[in-house]
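Chemist: Structure for the following, please:
(one chain, ligands or ions: 1)
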Amino acid sequence: MKMLRSISAIILLFMVMGLYSCSKEKGATLSQHSIIPLPVSVSDKEGSFQLNGKTKIVMLGDAAQINSVAEYLKSSVYSLTELNLGTEEQDQENAIVFDLSSASGLEAEGYRLDISEKQIRITAAQPAGLFYGLQSLKQLIPAHGKDLKGTNNSFTIPGGTIEDKPEYAYRGMMLDVARHFFSVEDVKHLIDQIAEYKINHLHLHLSDDQGWRIEIKSWPLLTTIGGSTQVGGQGGGYYTQEDYKDIVRYAQNQFITIVPEIDMPGHTNSALASYGELNPGITVPEKGALPYDRTNLGVDGMATPLYTGTEVGFSTLATDKEVTYRFIEDVIREISEITPGPYFHIGGDESHVTALEDYIPFIEKAQEIVTKYGKKTMGWDEVAHAKLLPSSVAQYWDKAENAVMAIEQGSQVLISPAKKAYLDMKYDSTTHIGYTWAALIELDDAYNWDPTELNEGIKRENILGVEAPLWSETISTRAEIEYLTFPRLPAIAEIAWTPKNLRDWNSFSRRIAWHGQRWEAKGVNFYRSPKVVW
Ligand code: TNX
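Modeler: Next up, the predicted model:
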């Protein structure tokens, strides 16, 4: 009897071990993925695909349109696995097939990703859809340390089907390159990181009190004087138009549209320091002991000193001078000519020393000029005080009533509430960089909100999309950009991509941990939120 019992115990033990090794062999199923943003639907299928040294890429459809996506996949797979994928025309066995076909019935940025033993197939109606399909695929390639890379390796990708498309058309991030300047290389590196989260707009805040960061050929002092410094007083810098075009092209290759912003009529000290004729000589309200030199700010037509502090709201262009409109027209024209995207952002925020009766006609004129050069106007929510065109977009950062005012004029809104979406807010009181004026924003705070629940006057159809702005008063290095951006940007990206009813914090916090491993492996800095088991 005793013996029988121990035999059955041993049999049981073997059965359990068998089950365990079997499930280990099978590996994770597709539905256990860590894809961010969460796809609309994921279903499992028997079997798995082995990505190995013999896997090749097959392009079905207009090769001219698929080529750059295929090249991008090759270089991503190489950096993840050190496998060199070849290209093949016929044989679809052991292949990643890009199928670009308008007959697929998929929406513009949508895709279907099919994984079987024989092949991985990404189907889309547009190249952007293929690109998002491959971004999801990249996140299915197991993260390995250096030692596991190499041409003899094989990477298991579980079988199944993903069908996916974005909730919002505009999924953005903003980088302030004015308070601190960031090099072309830093911007490109950021583009590489955010493209993985299916972000499709990068808004560049190209001018502010502390610096003018884009070459304007007809007003050269803007950069030589206005671009010469930054917060804290160090070097500054600016993009030549060639640099800017380079950024635009680089972003385009990852389906990211650059949205240039020239902030006006406030936030313009760097322009006033370059060209005194733009200075109205307004009387600046004294705010106690001034931490900086405001000589000439109150003197009509005199260039102001460069500013390297972090106050806001003290500068304005002369809204009643003809030269100001020649100036903004030249600026809008030159930048629009090198911007293929549809938007030109005119800022318009915190113009505290521009009287409202001057502010309104100024914004309306700026909007007219933007339209003249073939672009749509974007502006921070204050621009809703002016008469907006239906094609204009108000960016809600501060006041819901401004956003509602824009909606009542027939405009759409871009959602960037400072309390939820500002990447320059500290995570908690101990964060060594960032601000606290709007809120402390932990990872779950950045995740647990929805654009349609902010104000009853802002409905789904009024919303163009979501953008996470990163202001740079307190940051000056790539590592600092990354620390504030990750992991919050992926949280905002999921709000912008994934339908509200599918989003779930527990699922997100599990998936983001896997991304932490990836960031660690590629040397991307990030905040290890205590809300996540990394
Ligand atoms: C407010 S947000 C600003 C920026 C600052 C930011 C700092 C907005 C439209 N204006 O000028 O950089 O706060 O968080």
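Chemist: Name whatever forms a beta bridge with the residue nearest the centre of the chain.
Modeler: Among the residues of the chain, the one closest to the centroid is M173, at 3.1 Å (C-alpha atoms, centre = their mean). Beta-bridge partners recorded for M173 (DSSP bridges): L202, A468.
Chemist: For the closest residue to the ligand within the stretch 401-534 of the chain, give me the pLDDT.
Modeler: Going by C-beta to the nearest ligand atom, the ligand is nearest to W471 of the stretch 401-534 of the chain, at 3.4 Å. Where you see a C-beta, it was placed from the backbone N, CA and C, and this is true even at glycine. W471 carries a pLDDT value of 98.
Chemist: ok, it - contacts?
Modeler: D176, R179, H205, Y422, D424, Y435 (C-beta atoms under 8 Å, 6 or more residues apart in numbering).
Chemist: ok, and the closest non-adjacent residue to S507?
Modeler: The shortest distance from S507 to any non-neighbouring residue, by C-beta to C-beta, 6 or more residues apart in numbering, is to L38 (6.9 Å).
Chemist: Next up, the contacts around the residue nearest to the centre of the chain.
Modeler: 190, 194, 199, 201-203, 423, 467-470, 485, 489, 492.
Chemist: Make JSON lines from those and add neighbour count to it.
Modeler: Shown next, in JSON lines, are the contacts of M173 (neighbours: other C-beta atoms under 10 Å):
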{"residue": "L190", "neighbour count": "22"}
{"residue": "I194", "neighbour count": "25"}
{"residue": "I199", "neighbour count": "28"}
{"residue": "H201", "neighbour count": "24"}
{"residue": "L202", "neighbour count": "24"}
{"residue": "H203", "neighbour count": "26"}
{"residue": "L423", "neighbour count": "24"}
{"residue": "E467", "neighbour count": "25"}
{"residue": "A468", "neighbour count": "29"}
{"residue": "P469", "neighbour count": "20"}
{"residue": "L470", "neighbour count": "22"}
{"residue": "T485", "neighbour count": "25"}
{"residue": "L489", "neighbour count": "25"}
{"residue": "I492", "neighbour count": "27"}
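Chemist: quick one: which of these is nearest I282?
Modeler: P469 (27.1 Å; C-beta to C-beta).
Chemist: how about that closest one, what does it touch?
Modeler: M173, M174, D176, H203, H205, W397, S416, A421, Y422, L423, D424.
Chemist: Considering only these, which also neighbour the ligand?
Modeler: Filtering these for neighbours of the ligand using C-beta under 6 Å from any ligand atom leaves W397, Y422, D424.
Chemist: The last one: neighbouring residues, count only.
Modeler: When you say that, I think you mean D424. 25 (other C-beta atoms under 10 Å).
Chemist: Which residue, neighbours along the chain excluded, lies closest to it?
Modeler: Counting by C-beta to C-beta, 6+ apart, D424 lies nearest to W471, which is 4.2 Å off, once chain neighbours are set aside.
Chemist: Could you do D114 as well?
Modeler: R121 (4.4 Å).
Chemist: The helix or strand where that neighbour lies: partners in the sheet, and parallel or antiparallel?
Modeler: Element membership for R121, per DSSP states H and E: strand 119-124. Strands adjacent to strand 119-124 in the sheet, as given by DSSP bridges, are strand 95-100 (parallel), strand 111-115 (antiparallel).
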